[in-house]
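> Here's my sequence, what's the structure:
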Amino acid sequence: MARKVSINKDSTTIIKQKQRGLRGPIGESGDEYVDVKTKIADYTATNDDNTILAKALTNTITITLPTAIDNTGKIFTIKCIDDTFTVDVETLGIQEIDGSSSNFVLYLHEALTLRCDGANWWLI
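Predicted coordinates:
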């Protein structure tokens, strides 16, 4: 797999990794570069995000998912890569993750992959 790595001004690392065999609006070849971002502070995910590695350097951080409305089919993967602090994953408003209104807490090496149905987020 091909990889492209860049460092943003805000000290986040973005790795784009080419994946083969994906089909859909990406293009006829099925090739896609998937962003892998590392976040070290509270962050609200955007529709441009795919994979978020969360490293809470000084305290627990929160990754907030974007609205589920009009995001049918969107997939996020969020992983905790910090061995001291946890990562909270939350939604906007009354939207739920896997039928629960509670935040999900991730510990070292734990990850969530979520898919949107247009109203809520579901664990895959």
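
> Where do the strands of this structure begin and end?
With strands called from DSSP state E, the chain shows them at 3-7, 13-19, 32-39, 43-44, 51-54, 61-64, 75-80, 87-90, 104-106, 111-116, 121-123.

> ok, and what's touching stretch 69-83?
38, 45, 47, 49-57, 63, 65, 86-87, 89, 106-119, 121, 124 (Cβ atoms under 8 Å, 6 or more residues apart in numbering). From N, CA and C alone the C-beta is placed, and that goes for glycine too.

> quick one: terminal-to-terminal distance for it?
34 Å (Cα to Cα, to the nearest Å).

> now that stretch: how far from the chain's centre is it?
Taking Cα atoms, centre = their mean, to the nearest Å, one finds the center of stretch 69-83 at 3 Å from the center of the full chain.

> Quick check: buried residues in that stretch?
For stretch 69-83, the neighbour count (16 or more other Cβ atoms under 10 Å) marks 71, 74, 76-80, 82 as buried.

> Among those, which one sits closest to residue 93?
Using Cβ to Cβ, residue 71 is the member of these that lies nearest residue 93, at 13.6 Å.

> quick one: the closest one and residue 81, what's the gap?
Using Cβ to Cβ, to the nearest Å, one gets 25 Å for the distance from residue 71 to residue 81.

> same deal with residue 105?
15 Å.

> With residue 96 instead?
26 Å.

> One more: residue 35?
On the measure of Cβ to Cβ, residue 35 and residue 81 end up 16 Å apart.

> same thing with residue 99?
In terms of Cβ to Cβ, residue 99 sits 27 Å off from residue 81.
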